[in-house]
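Participant: What follows is a predicted protein model with its sequence.
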Amino acid sequence: MARRFTTSDQSSGKISYKKNDLKVEKFQVSGGVHNDFSTFFFTRVLQLEPDKPILVPTFAYGKNHEVLVVTGKKK
């Protein structure tokens, strides 16, 4: 089982990431990012529109990702 620990300072864009017993890695990101958990909560407060995808900037597992959120028609 992997243990991951991430800390981020949104104002400076600095992220520290540590996996298991490996050394701490430092990252610099531009703009705000979410972690893999907060990305899901963030999408709940967005004004999503059918068939208009959005990108959510996310930092997870030591990498930057742009998570594509696609919505369909409301049922």
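Facilitator: Noted; the coordinates are in hand.
Participant: how about the strands in this protein?
Facilitator: 4-9, 14-19, 25-28, 54-60, 63-69 (DSSP state E).
Participant: could the ones you listed go into TSV alongside mean pLDDT?
Facilitator: As requested, those are exported to TSV (pLDDT from 0 to 100):
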stretch	mean pLDDT
strand 4-9	86
strand 14-19	91
strand 25-28	91
strand 54-60	89
strand 63-69	88
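Participant: how about the residue most central in space within the chain, what does it touch?
Facilitator: Geometric centre of the chain, nearest residue: residue 58, 2.1 Å, by Cα atoms, centre = their mean. Counting by Cβ atoms under 8 Å, 6 or more residues apart in numbering, residue 58 touches 33-36, 39, 64-67. Every C-beta, even on glycine, is put in place using the N, C-alpha and C of the backbone.
Participant: 6 Å instead?
Facilitator: 34, 39, 65, 67 (Cβ atoms under 6 Å, 6 or more residues apart in numbering).
Participant: And residue 23, how close does it get to residue 67?
Facilitator: Distance, residue 23 to residue 67, by Cβ to Cβ, to the nearest Å: 27 Å.
Participant: In terms of neighbours, single out the busier of these two.
Facilitator: Ranked by neighbour count (other Cβ atoms under 10 Å), residue 23 and residue 67 place residue 67 first, with 16 against 7.
Participant: Who's the closest spatial neighbour of residue 57, skipping the chain neighbours?
Facilitator: Closest residue in space to residue 57, ignoring its immediate chain neighbours: residue 33 at 4.6 Å, by Cβ to Cβ, 6 or more residues apart in numbering.
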